[in-house]
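Participant: make a model of this:
(one chain, ligands or ions: 1)
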Amino acid sequence: MDVASSFNIKDVEAIIKERRSLPGAMLPILHGIQEKIGYIPAEVVPLIALELNLSRAEVHGVISYYHFFRQKPAGRHVVQICRAEACQANGADALVQHAKATLACDFHETTSDGEFTLEPVYCLGQCACGPAMTIGEDLYARVSNDKFNRLLSTKLAAKRGAA
Ligand code: FES
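Facilitator: Purely as a prediction, here's the structure:
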């Protein structure tokens, strides 16, 4: 499923204008755009290239090098699972496998219904209580496979309740 995308080019122009004279302006610009509209639309690449006097390939190269930058809109909920060492020692690998199988998607992908985007993250400050994860702004610790299922069900039920 294609997740609906729309953005205001004026927002992008304002971010570029504000940040283009910073040292190493490309990353602050890309961060600003993702923060504002949730991803880096392909349509803004020529604009960034023009403003920074770079080629489109150079801008695209940076966007695709850093997995943090999304090239498509995220799902309704972004699920981040900690991949750092302490969580791995507490079973995060099994949780990651479970999450990928349950959502039928890999890291940096979105479920076919557009509900969940799965991403890795490196430490959420819950190292003694791993595996840790977030769903949107909400932080969860000691996440078992069952807890993961319950959390996702709760998010889907909340959506049905709001509909
Ligand atoms: S290592 Fe996972 S929260 Fe710190």
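
Participant: please, which helix or strand holds the residue nearest to N145 when sequence neighbours are not counted?
Facilitator: Once flanking residues are discounted, N145 sits nearest to H98: 4.4 Å by C-beta to C-beta, 6 or more residues apart in numbering. In short, each C-beta sits where N, CA and C put it, glycine included. Secondary structure assignment for H98, by DSSP states H and E: helix 92-103.

Participant: which residue of the protein lies farthest from its centroid?
Facilitator: N53 (27.8 Å; C-alpha atoms, centre = their mean).

Participant: mind giving me the packing neighbours of the top helix by length along the chain?
Facilitator: Determined from DSSP state H, the single longest helix within the chain is helix 145-162. For helix 145-162, the packing partners by 3 or more C-beta pairs under 8 Å, 6 or more residues apart in numbering; DSSP states H and E come out as helix 92-103, strand 133-135.

Participant: now do 7 Å
Facilitator: With contacts taken as 3 or more C-beta pairs under 7 Å, 6 or more residues apart in numbering; DSSP states H and E, helix 145-162 sits against helix 92-103.

Participant: what's the average pLDDT for the helix it packs on?
Facilitator: If you average the pLDDT over helix 92-103, you get 98.

Participant: same thing with stretch 46-54?
Facilitator: 96.
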